[in-house]
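J.: sequence first, then the predicted structure:
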Amino acid sequence: MTDPTDTAGKTGGPLAPGAARGRSRDGGLSAVLGDLRAVDGALYAAVAATPTPTLDRALRRLSHAADHSKLSLGIAAALASAGARPRRAAVVGLGAVAVTSAAANLLGKRLVRRARPDREGARVTVDRYVPMPASASFPSGHTACAVAFATAVGVVLPVAAVPLGALAGAVGYSRVHTGVHYPGDVAAGAVLGIAGAAAALAAAAASPVPGVRSVYAPPRAPAAPHG
């Protein structure tokens, strides 16, 4: 019988403590990931099984409106016509969308390659259907870009933070409601969106263009009356 202890008294081979610890860590990580996938699938199934006929049409339209960030582009156009500070907010918001979209589609989806949910198997009602994208499921690009835009614009233009944040949350939920994403995809997209917004804001603060660099400047207070 082979002794796992060598002549120096050191344990080696497959029974080495380091190897055992490595296997234990790998097994623990696999178990955690398995639990997360199970919770993710259960949440997806719960949304699919909950009848919401009054919301189906509105959420389907919202999900479609967020395709290719059309919703953010429309809001940015409106902001651009509303004055200097809203215009700066729009520029930084669109920069955040560009950074985040590239990270989600060129990195995230290609690295993780998670399959899309089985919408038919989960019995998602066809009234909720939007076209099932051909790209990987993780992360949600719609959510990432909506959150990036809302976060960046909200920092530059605080009055817009709450409504845009609520809209981004609704976009994220709509992607689960329509059956094209798991909740975990949406959560990861939101985190990525915040990171993309932070990158865009940092770039704007360091920009040599004065109009862009001043995104953090507080709005001017009205002049005090004389006399």
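T.: Everything's here; your move.
J.: count of neighbours near Val32?
T.: 10 (other C-beta atoms under 10 Å). Any C-beta I mention is one placed from the backbone N, CA and C, and that applies to glycine too.
J.: tell me the phi and psi of it?
T.: The phi/psi pair for Val32 (degrees, to the nearest 10) reads phi -60, psi -50.
J.: show me what contacts it?
T.: By C-beta atoms under 8 Å, 6 or more residues apart in numbering, the contact set of Val32 is empty.
J.: low-confidence stretches in this protein?
T.: 1-27, 208-227 (pLDDT under 70).
J.: secondary structure element holding Val180?
T.: Using DSSP states H and E, Val180 sits in no helix or strand.
J.: contacting residues around it?
T.: Here Val180 is in contact with 63, 116-117, 119, 130, 132-133, 137 (C-beta under 8 Å, 6+ apart).
J.: try it again with 10 Å
T.: For Val180, the contacting residues are 63, 116-117, 119, 124, 128-133, 137, 140, 142, 174, by C-beta atoms under 10 Å, 6 or more residues apart in numbering.
J.: narrow those to those that are buried.
T.: 63, 116-117, 119, 124, 128, 130, 133, 137, 140, 142, 174 (16 or more other C-beta atoms under 10 Å).
J.: reformat the residues you listed as a markdown table; add distance to Leu43 and secondary structure.
T.: Listed next are the buried ones among the contacts of Val180 as a markdown table, based on distance: C-beta to C-beta, whole Å; DSSP: H, G, I helix; E, B strand; the rest coil:
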| residue | distance to Leu43 | secondary structure |
| --- | --- | --- |
| Ser63 | 18 | helix |
| Arg116 | 16 | coil |
| Pro117 | 11 | coil |
| Arg119 | 15 | coil |
| Val124 | 13 | coil |
| Arg128 | 16 | helix |
| Val130 | 19 | coil |
| Pro133 | 20 | coil |
| Ser137 | 14 | coil |
| Ser140 | 14 | coil |
| His142 | 18 | helix |
| Ser174 | 15 | helix |
